[in-house]
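Sequence and computational prediction follow.
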Amino acid sequence: MSKLLVCSEPDLPSVNMREQLLKEGGWEEAGSEEDCNFLTKGDLCMMSTSNLHIRFDSPDKIAEKAGFKVDSVIFMSKHSAASGEPALTVHPIGNYHDNDLGGRAGTLVPPCPPMMTDALRNIARYNDMEEFRVCFEVTHHGPWLDKPTMFIEIGSDERNWGNVHAAEIQAKVIDNLSMNGEEYPTVIGIAGGHYAPRFTELALSYKVNMGHMIPNYQLEGRDDEDILRMVKLATDATGTKMVYMHRNALKKSVQRHVIELIEGAGYEHVRSADLEPLNGN
């Protein structure tokens, strides 16, 4: 599987992850296209660009124009949060509604559930900094692409963005990206907070792959039609009909209503009891 790594030069963690990958050696100069420079190593192609990643649409097309095959795309990035909490994250991209943070309004980018979920497990495996939270983030920003895409990030403010060891960990994860667990069932997630605590716990405990995730703040104030529209966007982009709900994040009456809604529309509601634990659990 040919993977395109995107380094956004205005972004410090992105550059630091690139530098840690380069330290491993084996990279070869591979020319340029539209002000983007390329390096290759095995099935990896690394693009460096002066563009800000969340507004850099279709880098896969630029790479293909330069002659590279692209099966999936990984953006190396910082994560920003007012809390400033140290964090190592991965997430899919797209917009359920507006596109204030790049991409296309009401449009989701295909995720790569096995690779993204395996990346989360490897972050948890490699991370030796207790202060850093390891988690998914829900689907929430651009850019737009039509290839399976994920962001891998270091957060959450300038105190953490320059952390070289965090960049070493994420670079190790990138260097070992795989489709391990490709045979596991794939679900989308509904409900919960932005940092997807239940979906993170699920992925670290069960044989399952996560796709797009719809948090509470996207559900609040939405009518049934809009909720089903978001579920359809998420399942279609992910390539599944299976839905996992963070039930404790919703009032019981809302839980029941949403479950009835999605099951009535032909989606399968999956519970933890339906999944096989990972080895050792």
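Structure's in. What do you need?

for the spatially most distant residue from the centre of the chain, helix, strand, or coil?
Most distant from the centre of the chain: S253, at 30.3 Å, with distances by Cα atoms, centre = their mean. Counting by DSSP: H, G, I helix; E, B strand; the rest coil, the backbone at S253 sits in helix.

Could you do I188 as well?
I188 ends up strand, using three-state DSSP.

quick one, what contacts the closest residue to it other than its chain neighbours?
Nearest residue to I188, sequence neighbours excluded (Cβ to Cβ, 6 or more residues apart in numbering): A234, at 4.3 Å. Heads up, the C-betas are built off the backbone N, CA and C, glycines and all. Going by Cβ atoms under 8 Å, 6 or more residues apart in numbering, A234 touches 108, 139, 188, 211-214.

My reading is that A234 lies in a helix. Confirm?
Yes. According to three-state DSSP, A234 belongs to a helix.

per-residue pLDDT, it?
A234 carries a pLDDT value of 98.

Quick one: the strands in the stretch 51-200 of the chain, in order.
Residue ranges of the strands in the stretch 51-200 of the chain, as given by DSSP state E, counting those that start in this stretch, are 72-80, 87-91, 94-95, 107-108, 133-136, 149-156, 186-190.

To A203, which of those lies closest?
strand 133-136 (7.1 Å; Cβ to Cβ).

What is that closest one packed up against?
Contact partners of strand 133-136 among helices and strands, from 3 or more Cβ pairs under 8 Å, 6 or more residues apart in numbering; DSSP states H and E: strand 87-91, helix 113-126, helix 197-205.

Of all the residues in the worst-scoring helix or strand of the chain on mean pLDDT, which ones are buried?
Least confident helix or strand, the chain: helix 158-161 with a mean of 93, by mean pLDDT, DSSP states H and E. Buried residues in helix 158-161, defined by neighbour count with 16 or more other Cβ atoms under 10 Å: 160-161.

so how far is that helix off the chain centroid?
Taking Cα atoms, centre = their mean, to the nearest Å, one finds helix 158-161 lying 20 Å from the centre of the chain it belongs to.

What is it packed up against?
Using 3+ Cβ pairs under 8 Å, 6+ apart: helix 158-161 touches strand 149-156.

Now do the strand it packs on: which elements does it pack against?
helix 12-23, strand 72-80, strand 87-91, helix 113-126, helix 158-161, helix 164-175.

which SS class is the closest residue to L5 other than its chain neighbours?
Excluding the flanking residues, the one nearest L5 by Cβ to Cβ, 6+ apart is M46, at 4.3 Å. Using three-state DSSP, the structure places M46 in strand.

Now do the same contact list for I188.
I188 neighbours (Cβ under 8 Å, 6+ apart): 210-214, 231, 234-235, 238, 240, 242-244.

what bridges to it?
Note on I188: beta-bridge partners by DSSP bridges are V243.

Which pLDDT value belongs to it?
98.

what do you get for S80?
On pLDDT, S80 comes in at 88.

Also E130?
95.

burial of it, as a residue count?
A count of neighbours around E130, defined by other Cβ atoms under 10 Å, yields 7.

Same question for V231.
Counted with other Cβ under 10 Å, V231 comes out at 21.

Run a quick neighbour tally on the nearest residue to it once chain neighbours are set aside.
The shortest distance from V231 to any non-neighbouring residue, by Cβ to Cβ, 6+ apart, is to I262 (5.9 Å). I262: 22 surrounding residues under other Cβ under 10 Å.

List the contacts of I262.
The contact partners of I262, taken as Cβ under 8 Å, 6+ apart, are 190, 228, 231, 243, 269.
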